[in-house]
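Novice: here is my input, please return the structure:
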Amino acid sequence: VQLVESGGGWVQSGGSLRLSCSASRLSLNSYTIGWFRQSPGKGREGVASIREGVVGTTYADSVKGRFTISRDNAKNTVYLQMNNLEPEDTAVYYCGADDNWGRILAGLPRTWGRGTQVVVSA
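Specialist: Okay, the predicted model is just below:
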(Lines give C-alpha, C1' and ligand atoms only; values in the text may rest on other atoms or scores of the structure.)
Protein backbone atom coordinates (compact mmCIF):
# COMPACT_ATOMS: atom_id res chain seq x y z
CA VAL A 1 0.00 0.00 0.00
CA GLN A 2 1.38 3.36 -0.94
CA LEU A 3 0.18 6.92 -0.79
CA VAL A 4 1.06 9.23 -3.65
CA GLU A 5 1.29 12.99 -3.27
CA SER A 6 1.12 15.38 -6.20
CA GLY A 7 0.58 19.05 -6.92
CA GLY A 8 3.75 20.50 -5.51
CA GLY A 9 5.84 23.05 -7.34
CA TRP A 10 7.18 26.55 -7.30
CA VAL A 11 5.04 29.56 -6.54
CA GLN A 12 5.57 33.17 -5.58
CA SER A 13 4.63 34.47 -2.16
CA GLY A 14 0.88 35.04 -1.98
CA GLY A 15 0.15 32.34 -4.52
CA SER A 16 -1.78 29.09 -4.20
CA LEU A 17 -1.24 25.38 -4.75
CA ARG A 18 -3.46 22.35 -4.26
CA LEU A 19 -1.82 19.15 -3.13
CA SER A 20 -3.43 15.76 -3.67
CA CYS A 21 -2.99 12.52 -1.78
CA SER A 22 -4.22 9.37 -3.48
CA ALA A 23 -3.79 5.67 -2.90
CA SER A 24 -3.96 2.35 -4.61
CA ARG A 25 -5.37 -0.64 -2.72
CA LEU A 26 -6.45 1.60 0.16
CA SER A 27 -9.81 3.27 0.60
CA LEU A 28 -8.85 6.64 2.06
CA ASN A 29 -12.35 7.40 3.28
CA SER A 30 -11.86 4.71 5.91
CA TYR A 31 -8.81 6.41 7.37
CA THR A 32 -7.78 9.57 9.09
CA ILE A 33 -5.42 11.43 6.77
CA GLY A 34 -2.80 13.91 7.81
CA TRP A 35 -0.64 16.32 5.85
CA PHE A 36 2.85 16.91 7.21
CA ARG A 37 5.82 18.93 6.04
CA GLN A 38 9.54 19.01 6.54
CA SER A 39 11.94 21.76 5.59
CA PRO A 40 15.74 21.55 5.64
CA GLY A 41 17.13 21.53 9.15
CA LYS A 42 13.72 21.15 10.75
CA GLY A 43 11.73 18.24 12.03
CA ARG A 44 8.56 17.01 10.41
CA GLU A 45 5.50 18.93 11.55
CA GLY A 46 1.81 18.28 11.25
CA VAL A 47 -0.03 20.70 8.99
CA ALA A 48 -3.62 19.46 8.82
CA SER A 49 -5.69 16.35 9.34
CA ILE A 50 -9.14 15.08 8.48
CA ARG A 51 -10.95 12.28 10.24
CA GLU A 52 -12.56 9.32 8.55
CA GLY A 53 -16.33 9.35 8.46
CA VAL A 54 -16.87 12.00 11.13
CA VAL A 55 -16.57 15.59 10.06
CA GLY A 56 -13.50 16.79 11.87
CA THR A 57 -10.36 18.63 10.86
CA THR A 58 -7.34 20.08 12.59
CA TYR A 59 -4.83 22.68 11.47
CA ALA A 60 -1.49 23.90 12.69
CA ASP A 61 -1.70 27.47 13.96
CA SER A 62 0.75 28.57 11.26
CA VAL A 63 -1.64 27.59 8.45
CA LYS A 64 -5.07 28.32 9.93
CA GLY A 65 -7.12 30.50 7.63
CA ARG A 66 -4.81 29.79 4.68
CA PHE A 67 -4.91 26.00 4.19
CA THR A 68 -7.95 23.76 3.81
CA ILE A 69 -7.99 19.96 3.95
CA SER A 70 -10.82 18.09 2.23
CA ARG A 71 -11.81 14.72 0.82
CA ASP A 72 -13.29 13.52 -2.44
CA ASN A 73 -14.34 9.97 -1.63
CA ALA A 74 -15.43 9.27 -5.20
CA LYS A 75 -11.87 9.97 -6.35
CA ASN A 76 -10.27 8.36 -3.29
CA THR A 77 -8.26 11.54 -2.82
CA VAL A 78 -7.54 13.98 -0.01
CA TYR A 79 -6.60 17.54 -0.90
CA LEU A 80 -4.68 20.31 0.78
CA GLN A 81 -5.63 23.68 -0.67
CA MET A 82 -2.90 26.16 0.20
CA ASN A 83 -3.61 29.85 -0.29
CA ASN A 84 -1.62 32.97 0.49
CA LEU A 85 1.58 30.94 0.58
CA GLU A 86 4.62 32.32 2.37
CA PRO A 87 8.32 31.49 1.99
CA GLU A 88 8.10 29.79 5.39
CA ASP A 89 5.76 27.22 3.81
CA THR A 90 8.62 25.91 1.67
CA ALA A 91 9.02 22.22 2.50
CA VAL A 92 8.47 18.68 1.33
CA TYR A 93 4.85 17.86 2.03
CA TYR A 94 3.81 14.32 2.94
CA CYS A 95 0.48 12.69 3.51
CA GLY A 96 0.00 9.92 6.03
CA ALA A 97 -2.88 7.55 6.73
CA ASP A 98 -3.93 5.69 9.85
CA ASP A 99 -7.11 4.33 11.34
CA ASN A 100 -6.06 5.80 14.67
CA TRP A 101 -6.67 9.54 15.01
CA GLY A 102 -4.15 9.76 17.84
CA ARG A 103 -1.33 8.43 15.69
CA ILE A 104 -2.03 11.11 13.09
CA LEU A 105 -2.02 13.83 15.74
CA ALA A 106 1.25 12.42 17.09
CA GLY A 107 2.81 12.48 13.64
CA LEU A 108 3.05 8.69 13.53
CA PRO A 109 0.80 7.38 10.76
CA ARG A 110 1.59 3.85 9.72
CA THR A 111 1.33 4.58 6.00
CA TRP A 112 3.26 7.40 4.32
CA GLY A 113 3.70 8.83 0.87
CA ARG A 114 7.05 9.87 -0.54
CA GLY A 115 6.33 13.57 -0.52
CA THR A 116 6.00 16.46 -2.94
CA GLN A 117 8.20 19.56 -2.90
CA VAL A 118 6.71 23.01 -2.43
CA VAL A 119 8.90 26.08 -2.95
CA VAL A 120 7.58 29.55 -2.20
CA SER A 121 9.75 32.45 -3.30
CA ALA A 122 9.61 35.90 -1.75
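Novice: when you work out contacts or count neighbours from here on, use the C-alpha atoms and nothing else.
Specialist: OK.
Novice: which ones are touching the nearest residue to residue 110 once chain neighbours are set aside?
Specialist: The shortest distance from residue 110 to any non-neighbouring residue, by Cα to Cα, 6 or more residues apart in numbering, is to residue 98 (5.8 Å). Taking Cα atoms under 8 Å, 6 or more residues apart in numbering as the criterion, residue 98 is in contact with 31, 32, 33, 104, 109, 110, 111.
Novice: how far away is residue 7 from residue 119?
Specialist: Distance, residue 7 to residue 119, using Cα to Cα, to the nearest Å: 12 Å.
Novice: check residue 56 too.
Specialist: 28 Å.
Novice: who has more neighbours, the two?
Specialist: Taking other Cα atoms under 10 Å, residue 56 and residue 119 do not tie; residue 119 has more neighbours (19 against 10).
Novice: correct me, but the more buried one touches residue 11?
Specialist: Yes - if you go by Cα atoms under 8 Å, residue 119 and residue 11 touch, sitting 6.3 Å apart.
Novice: so what's the residue nearest the centre of the chain up against?
Specialist: Residue closest to the mean C-alpha point of the chain, counted by Cα atoms, centre = their mean, is residue 35 at 2.4 Å. Taking Cα under 8 Å, 6+ apart as the criterion, residue 35 is in contact with 46, 47, 48, 49, 80, 93, 94, 95, 96.
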